[in-house]
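*Asks:* A predicted structure for the sequence below; I have some questions about it.
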Amino acid sequence: MAIQWFPGHMHLTRKAIGERIKEIDVVIEMLDARLPGSSANPMLAELIKGKPALKVLSKQDLADAERTALWLAHYNAVPGVKAIGLDTSMRSPAKALMDACYTLAPLRGSMVKPMRVLICGIPNVGKSTLINTLKGQRATKTGDEAGITKTEQRITLADGFYLYDTPGVLWPRIIVEQSGFNLAASGAIGVNAFDEEVVALELLNYLIPNYPQALLERYKLDVHGLSDEQALNAIGQHRGAVQSGGRINTTKAANIVIQDFRANALGRITLETPDEFAQWLKEGKQADAERAVRKKASKTQD
């Protein structure tokens, strides 16, 4: 099942970014540290046209620290890119962001040549929360619903340093199937765009081999040898998601698993490594190319 979610306002955001990028010095892309590859917008690489890029791994306090280190090293090895991790415990996020931007564009930052920074990110990645922290007030609306911010705004962080905020935006078609599941699990995709049971099963399918201890501690469940479906039913039993006749309410159980992941009740978890995502992307591109060939052949036959 491929998950797709691209509301109308995201088309407008894509257009707005394309226009704004012409006068931008550095582009900040906020990524979810729990799914850095899946939350990186492939559409943005096309739009920024080689501008210096700062990758900010948000919510790093919710992610697997060892895997976060792998992702930071991965992005910092890319020419023209710098990567840092942020979370709500940081006392000076503005300084960290500004210092990184000055490193990428050292000739900008004066009143004559101000630093103009565009900040982008998928819905619900924590961008609005960060901006509120930077401003020291509620500069933007925040919430756990994907797509809260709907308009662009300019924020002055310091003399000669201007930050342009944009609405959270995904991309028209997600070709990496696992990315769709991970984005849905994180809350980046609207709830009406996916089946909770399917997403929970995919989440468990990854957690069982990679984070069995987390499942044991949260649900008192030894998942060794269990399938994702068996694990979901056992979690439903443990958490009281039982219907009349002893049947498990798998929809309720699925919601429990997803909400526990989002709330960090399962502990610090990252759903992908750089190598894993590279393989998923390779497979996704191959499948997409094959799909294009079939579509072209079908049109030719018609």
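*Replies:* In hand now; what should we look at?

*Asks:* Against T250, how distant is A263?
*Replies:* 20 Å (CB to CB, to the nearest Å). Quick note: C-beta positions are derived from backbone N, CA and C, even for glycine.

*Asks:* Do a quick rundown of the helices in the stretch 151-300 of the chain.
*Replies:* 177-186, 196-210, 212-219, 228-238, 250-262, 274-301 (DSSP state H, counting those that start in this stretch).

*Asks:* Which among those is found nearest to S89?
*Replies:* Of all the helices of the stretch 151-300 of the chain, helix 250-262 sits nearest to S89, with 18.5 Å by CB to CB.

*Asks:* who's in contact with the closest one?
*Replies:* 144, 185-187, 196-197, 199-201, 203-204, 218, 232-233, 235-236, 239, 241, 265-266, 269 (CB atoms under 8 Å, 6 or more residues apart in numbering).

*Asks:* ok, 6 Å please
*Replies:* Residues outside helix 250-262 that contact it (CB atoms under 6 Å, 6 or more residues apart in numbering) are 185, 187, 196-197, 200, 232, 235-236, 239, 241, 266.

*Asks:* Please identify which of those residues is nearest to V125.
*Replies:* G187 (9.3 Å).

*Asks:* Tell me the spacing between the closest one and A263.
*Replies:* Distance from G187 to A263, by CB to CB: 10 Å.

*Asks:* for L57, same thing?
*Replies:* Distance of L57 to A263, given as CB to CB: 19 Å.

*Asks:* and if you look at L201?
*Replies:* Distance from L201 to A263, by CB to CB: 19 Å.

*Asks:* So those two - more neighbours on which side?
*Replies:* Using other CB atoms under 10 Å as the criterion, L201 and A263 rank with L201 on top: 19 against 10.

*Asks:* The more buried one: what's it in contact with?
*Replies:* Contacts of L201 by CB under 6 Å, 6+ apart are D228.

*Asks:* which intervals of the protein have sub-threshold pLDDT?
*Replies:* Counting by pLDDT under 70, the chain contains low-confidence ranges at 1-14, 16, 136-152, 168-172, 301-302.

*Asks:* where exactly do the strands run in it?
*Replies:* 26-32, 53-58, 81-85, 115-121, 153-158, 161-165 (DSSP state E).

*Asks:* Could you dump those strands into TSV and include mean neighbour count?
*Replies:* Shown next, in TSV, are those (neighbours: other CB atoms under 10 Å):
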stretch	mean neighbour count
strand 26-32	25
strand 53-58	24
strand 81-85	20
strand 115-121	24
strand 153-158	14
strand 161-165	21
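
*Asks:* will you turn those into TSV that also has distance to N41?
*Replies:* Formatted as TSV, the strands of the chain follow (distance: least, CB to CB, whole Å):
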stretch	distance to N41
strand 26-32	7
strand 53-58	11
strand 81-85	14
strand 115-121	7
strand 153-158	19
strand 161-165	15
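
*Asks:* And these: which comes nearest E276?
*Replies:* Nearest to E276, of the strands of the chain and by CB to CB, is strand 26-32 at 15.3 Å.

*Asks:* The closest one: partners in the sheet, and parallel or antiparallel?
*Replies:* According to DSSP bridges, strand 26-32 forms sheet pairs with strand 53-58 (parallel), strand 115-121 (parallel).

*Asks:* contacting residues for the residue sitting nearest the centre point of the chain?
*Replies:* A centroid search over the chain (CA atoms, centre = their mean) returns S39, at 3.1 Å, as the residue closest to the centre. By CB under 6 Å, 6+ apart, the contact list for S39 reads 31-32, 122.

*Asks:* switch the cut-off to 10 Å
*Replies:* Contacts for S39 (CB atoms under 10 Å, 6 or more residues apart in numbering) come out as 29-33, 57-59, 121-125, 170, 179, 182-183, 186, 188, 272.

*Asks:* now swap in A73 and tell me
*Replies:* 83, 274.

*Asks:* Q230 versus that one, what's the distance?
*Replies:* 37 Å.

*Asks:* next one: I256
*Replies:* For I256, the distance to Q230 - CB to CB - is 16 Å.

*Asks:* Same question for L204.
*Replies:* As for L204, its distance to Q230 is 9 Å (criterion: CB to CB).
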